[in-house]
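S.K.: everything below, folded, please.
(one chain, ligands or ions: 1)
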Amino acid sequence: MDFRPEVFTPSYWMDVPAIEGQMTRPRDGGGILVIGSGLSGVSSAYWLKEVGFEDVTMVDFALPHAATFRNCGHILYGTVESMQALVALHGRETAREIWEFSIGICHEVRETVRRLRLDADYEQSGYLVIAIDETEDKEIHESIELLRGMGFQSDYVEPGKLRQLGFKNVRGARYEAGSAQAHPMKFRNGVLKHCVDHGVDYHSGVRVTSVEEEGDHVLVNTEQWGQLRYDAVVIAANAYSPLLSRYFEERRLVEPFRGQIITSKPLKHEFKVKHPHSFDHGYEYALVTTDNRLMIGGWRNNTPGGEVGTYDIDPNKFVEQGLKDFVEEHYEIKEKIEWEYSWAGIMATSKTGFPFIGPTTSPRIFTCSGYTGHGFSWAHGSAKLLADVMAGNQVPAVAKYFNPKL
Ligand SMILES: Cc1cc2nc3c(=O)[nH]c(=O)nc-3n(C[C@H](O)[C@H](O)[C@H](O)COP(=O)(O)OP(=O)(O)OC[C@H]3O[C@@H](n4cnc5c(N)ncnc54)[C@H](O)[C@@H]3O)c2cc1C
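M.R.: Purely as a prediction, here's the structure:
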């Protein structure tokens with residue numbers, strides 16, 4: 001096991017400290033326990049309170065490892081697959097339903113920012129999916145055609161325009177107006193603060209080692225506080241879920257994989273591109289921060305094994321260099337870039353390609369996890385869907401794709 005809770009390199013976002021919970025024994029004996037306080041955990045607690053559950057407790061362990069603080073801040077329509085790939089994998093109607101749902105959950109993030117008046121650097125300026133070779137360019141054209149055919153906005157951006165925006169050695173791009181970006185730490189802290197202010201009991205440093213239903217309650221074993229009891233549990237630990245749940249481990253619902261990001265010092269020249277963007281089928285993804293830094297991640301597809309199956313968040317030097325070389329090759333930046341941050345984080349691929357949202361085979365143990373790199377919007381939206389499932393509210397038909405009972 002290469003999970004070393006005490007070892008981590010901080011990310012750019014962690015310049016804003018994470019709000020942590022009390023280091024005391026969580027209250028138990030009933031109510032709902034949410035395991036995890038990343039985007040999924042805080043969103044679950046938030047939506048559970050919103051639908052009327054009063055007694056909600058939330059715990060976390062090794063908080064600085066959470067992918068929530070280690071991502072690229074993109075809030076994207078769709079899933080990790082292009083529309084062309086989604087249709088090939090799941091058929092046109094399923095792809096359309098999933099895409100439509102993904103738009104709704106991106107807007108849900110925006111609405112939460114507005115409703116809670118969060119200072120989270122939220123900006124809805126669209127997204128560029130940039131092709132770096134002919135095959136990808138062809139796929140982009142096909143995706144645009146499919147998206148438009150389904151009634152979604154999607155526009156082609158010519159290579160000349162991309163050069164004006166400061167890129168080089170690129171073919172063309174798909175532009176989507178509705179995607180957005182935000183500061184993930186500020187968003188998570190803001191939602192969390194609201195939860196705590198509204199009675200969520202929040203504790204840090206609680207390592208859950210197992211979760212099992214017994215009769216009319218759930219037994220949660222912890223390293224620090226022994227056995228705790230709840231009426232229901234939400235596993236919101238994403239890639240870490242198999243380390244605390246036999247259900248996840250046995251079914252291999254999710255596999256951990258390491259993503260990596262580097263971030264420059266603020267650049268003197270203002271970037272022309274303001275949209276979050278990605279290249280090479282999403283294998284590289286980038287953002288210009290509010291203080292004019294280039295943040296770029298990815299490149300794991302060039303490593304043997306693709307960084308899959310690890311919990312080690314030590315940055316891989318080979319990937320770091322690959323990202324720097326990628327910037328040299330694809331950005332026209334007329335000044336020397338100094339790289340200030342380099343970090344890694346663990347996300348989760350899902351067995352089905354879709355998140356798992358709902359009850360496991362135990363009607364008291366629920367989950368919302370497995371976003372394969374699109375967790376900002378999906379975590380927040382999945383948690384809303386989960387809260388509706390738990391409250392017995394009506395849920396959209398699309399929920400059938402997210403069933404964790406495999
Ligand atoms: C490099 C990188 C780039 C990414 N870029 C993007 C992006 O631009 N846009 C996007 O949408 N998504 C992106 N993602 C994915 C996104 O960050 C994740 O999908 C999302 O943060 C998952 O949130 P989460 O709360 O489910 O999991 P995490 O944020 O990983 O949180 C897991 C929680 O579980 C807790 N926990 C773990 N083990 C235990 C235990 N034993 N007991 C108690 N608690 C435990 C942890 O303390 C933590 O609170 C990226 C991820 C990485 C790593």
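
S.K.: quick one: the helices in the stretch 51-200 of the chain?
M.R.: 83-90, 92-115, 134-149, 159-164, 184-197 (DSSP state H, counting those that start in this stretch).

S.K.: any idea which of these is most buried?
M.R.: When you average the neighbours per residue for each of these (mean count of other CB atoms under 10 Å), helix 184-197 leads with a mean of 21. The C-beta positions use only the backbone N, C-alpha and C, and glycine is treated the same way.

S.K.: where does residue 401 land in three-state SS?
M.R.: Under DSSP: H, G, I helix; E, B strand; the rest coil, the three-state class of residue 401 is helix.

S.K.: circling back: how about the helices of the stretch 51-200 of the chain, which one is nearest the ligand?
M.R.: Closest of the helices of the stretch 51-200 of the chain to the ligand is helix 184-197, at 6.8 Å (criterion: CB to the nearest ligand atom).

S.K.: which residues touch the helix or strand following that closest one?
M.R.: Sequence order places strand 201-203 as the next helix or strand after helix 184-197, per DSSP states H and E. Applying CB atoms under 8 Å, 6 or more residues apart in numbering, the external contacts of strand 201-203 come out as 21-27, 37, 45, 56-60, 192, 195-196.

S.K.: wait, does strand 201-203 make contact with the ligand?
M.R.: No - on the criterion CB under 6 Å from any ligand atom, strand 201-203 is out of touch with the ligand, staying 9.6 Å away.

S.K.: buried residues, stretch 164-184. List them.
M.R.: Buried residues in stretch 164-184, counted by 16 or more other CB atoms under 10 Å: 165-167, 170-176, 178-184.

S.K.: ok, now which ones touch residue 282?
M.R.: Residue 282 is in contact with 80, 82, 129, 298, 373, counting by CB under 8 Å, 6+ apart.

S.K.: reformat those residues as TSV; add pLDDT and distance to the ligand.
M.R.: Below are the contacts of residue 282 laid out as TSV (pLDDT from 0 to 100; distance: CB to the nearest ligand atom, whole Å):
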residue	pLDDT	distance to the ligand
80	88	9
82	88	16
129	97	13
298	97	8
373	82	5
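
S.K.: among these, which pair sits farthest apart?
M.R.: 82 and 298 (15.4 Å; CB to CB).

S.K.: strands of the stretch 201-350 of the chain, start to end?
M.R.: Assigned by DSSP state E, counting those that start in this stretch, the strands in the stretch 201-350 of the chain fall at 201-203, 208-214, 217-222, 226-230, 232-235, 254-264, 277-279, 284-288, 294-298, 339-350.

S.K.: deepest-packed of the ones you listed, please.
M.R.: strand 232-235 (a mean of 26).

S.K.: which strands or helices does that one pack on?
M.R.: Where contact means 3 or more CB pairs under 8 Å, 6 or more residues apart in numbering; DSSP states H and E, strand 232-235 is packed against strand 32-35, helix 39-50, strand 217-222, strand 365-369.

S.K.: tell me who's in contact with the closest residue to the ligand within the chain.
M.R.: Residue nearest to the ligand within the chain: residue 375 (1.9 Å; CB to the nearest ligand atom). Contact analysis of residue 375 by CB under 8 Å, 6+ apart lists 39, 40, 67, 68, 71, 238, 347.

S.K.: excluding chain neighbours, give the residue nearest to the third one in space.
M.R.: Put plainly, it is residue 67. Leaving aside its chain neighbours, residue 67 sits nearest to residue 345 (4.5 Å; criterion: CB to CB, 6 or more residues apart in numbering).

S.K.: and that neighbour, bridged to which residues?
M.R.: residue 259 (DSSP bridges).

S.K.: how about the helices and strands packed on strand 232-235 in TSV, adding mean pLDDT and distance to residue 259?
M.R.: Below are those laid out as TSV (pLDDT from 0 to 100; distance: least, CB to CB, whole Å):
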stretch	mean pLDDT	distance to residue 259
strand 32-35	98	22
helix 39-50	98	15
strand 217-222	98	28
strand 365-369	98	16
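
S.K.: now render those as a markdown table, adding distance to the ligand.
M.R.: As requested, the helices and strands packed on strand 232-235 are exported to a markdown table (distance: least, CB to the nearest ligand atom, whole Å):
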| stretch | distance to the ligand |
| --- | --- |
| strand 32-35 | 5 |
| helix 39-50 | 3 |
| strand 217-222 | 7 |
| strand 365-369 | 6 |
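
S.K.: same list (the ones you listed) but as JSON lines, adding distance to residue 316.
M.R.: Output for those, formatted as JSON lines (distance: least, CB to CB, whole Å):
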{"stretch": "strand 32-35", "distance to residue 316": "28"}
{"stretch": "helix 39-50", "distance to residue 316": "24"}
{"stretch": "strand 217-222", "distance to residue 316": "32"}
{"stretch": "strand 365-369", "distance to residue 316": "24"}
